[in-house]
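A.B. asks: A structural model of the following input is requested.
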Amino acid sequence: MKLYIKQKVFSWRDRFAVKDEFGNDVYFIEGELFSWGKKLYVTDVNGNEVLYIQQNLWNWMPNYSLFIYEKEVAVVKKEFTFFRPQYSIIGPNWEVEGNFWGHDYDIWEFENHIASINKEWFTWGDSYELNILDESQSLLALGVIIVIDCVIAEQQNNSAN
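C.D. replies: Down below sits the predicted model:
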């Protein structure tokens, strides 16, 4: 299963469309404009909320909770490291490996490859290809990818100021 995330350029708040490999809308992602911490809502094409992402404030490093159908299923934390970014996923037994700055990484559960993420270069706005090998994990994989993108974007904004 392939999904494509296209972040809209010039948006006052986070707004993304997630499409399948045929260009059909599958999910819509929208963030709250005024909130303490980042809050993102993922809805299906009928407007039903299927995934909610909430930044957990008052942590040393970025930390986000993921809720699928209102049940917390995972916490994604950026770990303190000096050289390469590293993330831990609490809940499922997943590991994330690869080049996060280049948006080219993989999600693994033990020896099972769950998903791979690749940034598409030379596009207007950020575009990502998400290749999900275990379709039953598609929402959770999508949530992990969104969190990692949020953390990277926040770090880039902070370093630009």
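
A.B. asks: what residue ranges in this structure score low on pLDDT?
C.D. replies: 7-14, 101, 121-126, 155-161 (pLDDT under 70).

A.B. asks: what are the ranges of the strands in it?
C.D. replies: According to DSSP state E, the chain carries its strands in the segments 2-7, 15-20, 25-31, 39-44, 49-55, 63-68, 71-79, 86-90, 94-99, 104-109, 112-120, 127-132.

A.B. asks: Which one of these lies nearest to residue 153?
C.D. replies: strand 2-7 (8.8 Å; C-beta to C-beta). C-beta coordinates here come from the backbone N, C-alpha and C atoms, glycine included.

A.B. asks: Single out the most deeply packed of the strands of the chain.
C.D. replies: Sort the strands of the chain by mean neighbour count, taking mean count of other C-beta atoms under 10 Å, and strand 63-68 sits at the top with a mean of 20.

A.B. asks: Can you spell out which helices and strands pack onto it?
C.D. replies: Under the contact definition 3 or more C-beta pairs under 8 Å, 6 or more residues apart in numbering; DSSP states H and E, strand 63-68 sits against strand 49-55, strand 71-79, helix 138-160.

A.B. asks: As TSV, the ones you listed with distance to residue 118 would be great.
C.D. replies: As requested, these are arranged in TSV below (distance: least, C-beta to C-beta, whole Å):
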stretch	distance to residue 118
strand 49-55	21
strand 71-79	19
helix 138-160	11
